[in-house]
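Engineer: turn this into a model:
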Amino acid sequence: MEDTTPVILGYDAVSPLGLELEEQWQRALAGESGIGPLSRFPLPPEFPVRVAGQVEELSAELSTSDYPFLSPRHRAAWSSPIFPYALLSVSRALRRAGLAITPELAPRTAVTYSSAIGGLDAVLNADRRLQADNRLPPPYTNPNACINMVGGKIAMETGAQGPITSTITACATGLSSLLMGAMFLAQGRADLVICGAVDFALVEPIVAGFATMNGSYSPKPGQEEEAPQRASRPFSLDRRGFVISEGAGALILASRAFARAHGLSYHTRLAGWSMTSDAHHFVAPHLPTIQRCMAQALADAGLEPADIAAINAHAASTRVGDQVEYEALRSLFAGQLPPVCANKSLIGHAMGASSAIETIFALLGMRDQLLPPTINHTPDPALELDCVSEGKRALDQEFVLKNAFGFGGCNACAVFQHVL
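Structural biologist: Numbering: from 1, shown residues only. The predicted structure follows:
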């Protein structure tokens, strides 16, 4: 029987820390923030959100011969930013893996890459044009807004012809995409899977909607204005909601048999995982099902809590969410919590893409045996944990736990193993 153990052959991301992966990683290790003033659209004086994590615009310097989907003609049709950034992350991840989807590989190559928000910006722009000028929407409006079209475009550009699905689990989408890919491998339905997620949610009604839900960052009334870089502060005593950001992350998953047969190298395998549903509340996390998700991921990997070297937390920076995640960790690890990294302190919350980008940061940390810091951290007496707040830290990491939780009670947890 073939070895279907899932291994990660390549990955790439774009985030508020930059377009080049290694540059982002070095900035993360240095504790640099990608958060700044919100400038994606004009801000009326009364608009409730003023800061965001914005991704750098794609420049003409990126060669369209290398990335033909970045040509002006292509981007005019596929106007939502989710498409060029998703395709860029996938193309680079495949290059890092040393792979091209040949006709021989295509039927056994799956796509689970998805988005939590999709191209709602295209619908909004079409509606404004319809209302203001009585002009019908451009012909590509609906395809731009169709969430599964992200995976469809990836399949078209790469040639992948295996199973394709959109794993939409709100803020857990990126990690859920990887876990769905592992299922395809385990079932023998694919040998190779293009996983990941993209979200560019800095659109007026979405941003304002998070504010009216009391989810996004807002300064304390009467408080002196802070630097934007200080706004995202997971697990901190003075946390005041998440900073909305944007980005994309791609991970190339394959069976170990496939990697061996094609002479492909890797340094990480997916050792275990779990997904649970809170069945509790549309946004408030539920301690029992989150705790069970973590415990099942460790059990699936055949590990004890003491085997985990570090945790890459969901840690959105909300009052309730961070508390529940901490309580679940404290219970599972019985007072012996390993270091906990909260990458959203550096890059904000990129919705469904966040767990893909953070997973990639966790893999880079395992590769280099380093933990990036959680910045802006003021210890909370109710959350007794080691957030690596002093700066990057050298640490041997064979096993790392990654958590991701989404609206609707969608929980995903994964254990990764560093292999030599």
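Engineer: for the rest of this, base every contact and every neighbour count on C-alpha atoms.
Structural biologist: Will do.
Engineer: relative to residue 39, how far out is residue 49?
Structural biologist: When C-alpha to C-alpha, to the nearest Å is applied, the distance between residue 49 and residue 39 equals 11 Å.
Engineer: who has more neighbours out of these two?
Structural biologist: Ranked by neighbour count (other C-alpha atoms under 10 Å), residue 49 and residue 39 place residue 49 first, with 20 against 13.
Engineer: next up, the contacts around that one.
Structural biologist: Applying C-alpha atoms under 8 Å, 6 or more residues apart in numbering, one finds that residue 49 lies in contact with 38, 207, 208, 211, 216, 217, 218.
Engineer: need the contact list for the third one.
Structural biologist: Going back to what we said before, that points to residue 208. Per C-alpha under 8 Å, 6+ apart, neighbours of residue 208: 47, 48, 49.
Engineer: cool, and residue 226?
Structural biologist: Remark: with contacts taken as C-alpha under 8 Å, 6+ apart, residue 226 is in contact with residue 219.
Engineer: look up how far residue 38 lies from it.
Structural biologist: For residue 226 relative to residue 38 (C-alpha to C-alpha), the value is 14 Å.
Engineer: residue 410 too?
Structural biologist: As defined by C-alpha to C-alpha, residue 410 lies at a distance of 28 Å from residue 38.
Engineer: so between the two, which is more surrounded?
Structural biologist: Using other C-alpha under 10 Å as the criterion, residue 410 and residue 38 rank with residue 410 on top: 25 against 18.
Engineer: the helices in the stretch 151-300 of the chain, which residues?
Structural biologist: In chain order, the stretch 151-300 of the chain shows helices spanning 173-186, 204-212, 256-261, 287-300, with DSSP state H, counting those that start in this stretch as the criterion.
Engineer: highest mean neighbour count out of those?
Structural biologist: Per residue and on average, the most neighbours among the helices of the stretch 151-300 of the chain fall to helix 173-186, with a mean of 28 (mean count of other C-alpha atoms under 10 Å).
Engineer: so which elements touch it?
Structural biologist: Applying 3 or more C-alpha pairs under 8 Å, 6 or more residues apart in numbering; DSSP states H and E, one finds that helix 173-186 makes contact with strand 109-111, strand 192-200, strand 246-255, helix 354-368, strand 410-418.
Engineer: how about the ones you listed in a markdown table, adding mean pLDDT and distance to residue 327?
Structural biologist: Putting the helices and strands packed on helix 173-186 into a markdown table (pLDDT from 0 to 100; distance: least, C-alpha to C-alpha, whole Å) gives the following:
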| stretch | mean pLDDT | distance to residue 327 |
| --- | --- | --- |
| strand 109-111 | 98 | 35 |
| strand 192-200 | 98 | 28 |
| strand 246-255 | 98 | 28 |
| helix 354-368 | 98 | 20 |
| strand 410-418 | 98 | 15 |
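Engineer: between those, which gets nearest to residue 281?
Structural biologist: Smallest distance to residue 281 across the helices and strands packed on helix 173-186 (C-alpha to C-alpha): 10.5 Å, for strand 410-418.
Engineer: strands - which of the contacts of residue 208 land there?
Structural biologist: Helix and strand membership here follows DSSP state E; of the contacts of residue 208, not one is in strands.
Engineer: and for residue 62, the neighbour number?
Structural biologist: Around residue 62 there are 12 other residues, counting by other C-alpha under 10 Å.
Engineer: contacts for the lowest-mean-pLDDT helix or strand in the chain, please.
Structural biologist: When the helices and strands of the chain are compared on mean pLDDT, DSSP states H and E, helix 72-77 comes out lowest with a mean of 90. With contact meaning C-alpha under 8 Å, 6+ apart, helix 72-77 is reached by 68, 69, 84, 140.
Engineer: quick check: the nearest residue to the last one once chain neighbours are set aside vs residue 312, distance?
Structural biologist: Closest residue to residue 140 apart from its sequence neighbours, by C-alpha to C-alpha, 6 or more residues apart in numbering: residue 77 at 6.0 Å. In this structure, residue 77 and residue 312 are 37 Å apart, going by C-alpha to C-alpha.
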